[in-house]
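Enquirer: next one to model:
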Amino acid sequence: MRIPPLALSVGTALLAGVAQLAPATASPGPTEKLAVDLSSLDENGLYGPPEGLRSLDYEFCIPTGDAYAQAVRAIDPSVQLFPHSRGRIGCGEHEVLAIGNTHQANHAAILRSLADLDYIERIQPVDWE
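Expert: Numbers count the residues shown, from 1 in each chain. Okay, the predicted model is just below:
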């Protein structure tokens, strides 16, 4: 799936507005926030042996509020929000659990764009049990 330029423009505009909402705090850089090994994924966002390829689900927390949800969804259309779950990542009281998936076009660029957001502290693989 290719993300149309208009969607990227809308996402950029939403991010500009949300950036003003986010508190200024010292946080790790995008590389340190991304606990997903992008080199293990193929061009389709899948990993594993050829006979058992699978996508990678990842989780992160965002602040509560529609502006944050819209901004994140503009970047990553696979994101689902779970406001009543802390996830393994441990979202706080004023945060929402977000789970995305690598089986989409531009998965690496999407993950990097999410990691660039000041209000996302960490992106890690989901540990489904």
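Enquirer: could you tell me which residues make contact with the residue positioned nearest the centre of the chain?
Expert: Computing the C-alpha centroid of the chain and ranking residues by CA atoms, centre = their mean puts residue 114 first, at 4.7 Å. The contact partners of residue 114, taken as CB atoms under 8 Å, 6 or more residues apart in numbering, are 60, 72, 75, 76, 100, 120, 123. Bear in mind the C-beta positions are built from the backbone N, C-alpha and C, glycine included.
Enquirer: can you give me the helices in this structure?
Expert: If DSSP state H is used as the criterion, the helices of the chain fall at 5-21, 30-33, 66-75, 107-116.
Enquirer: highest neighbour count among the contacts of residue 114?
Expert: In terms of neighbours by other CB atoms under 10 Å, these top out with residue 60 at 29 neighbours.
Enquirer: thinking it is in contact with residue 96, fair?
Expert: No. Shown here, residue 60 and residue 96 do not form a contact pair, counting by CB atoms under 8 Å, at 9.8 Å.
Enquirer: quick one on the thing from earlier: the helices of the chain: lowest mean pLDDT?
Expert: Taking each of these in turn, the one with the lowest mean pLDDT is helix 5-21, at a mean of 48.
Enquirer: which one of the contacts of residue 114 is nearest residue 32?
Expert: Closest to residue 32 out of the contacts of residue 114 is residue 123 (10.6 Å), distances taken as CB to CB.
Enquirer: setting the sequence-adjacent residues aside, check what's closest to residue 56.
Expert: If you skip the residues right next to it in sequence, residue 56 has residue 102 as its closest partner in space, 4.4 Å away by CB to CB, 6 or more residues apart in numbering.
Enquirer: residues contacting the one you found?
Expert: Each residue near residue 102 by CB under 8 Å, 6+ apart is listed here: 36, 41, 45, 46, 55, 56, 57, 58, 111.
Enquirer: equivalent analysis for residue 57, please.
Expert: Taking CB under 8 Å, 6+ apart, one finds 99, 100, 101, 102, 125, 126, 128 in contact with residue 57.
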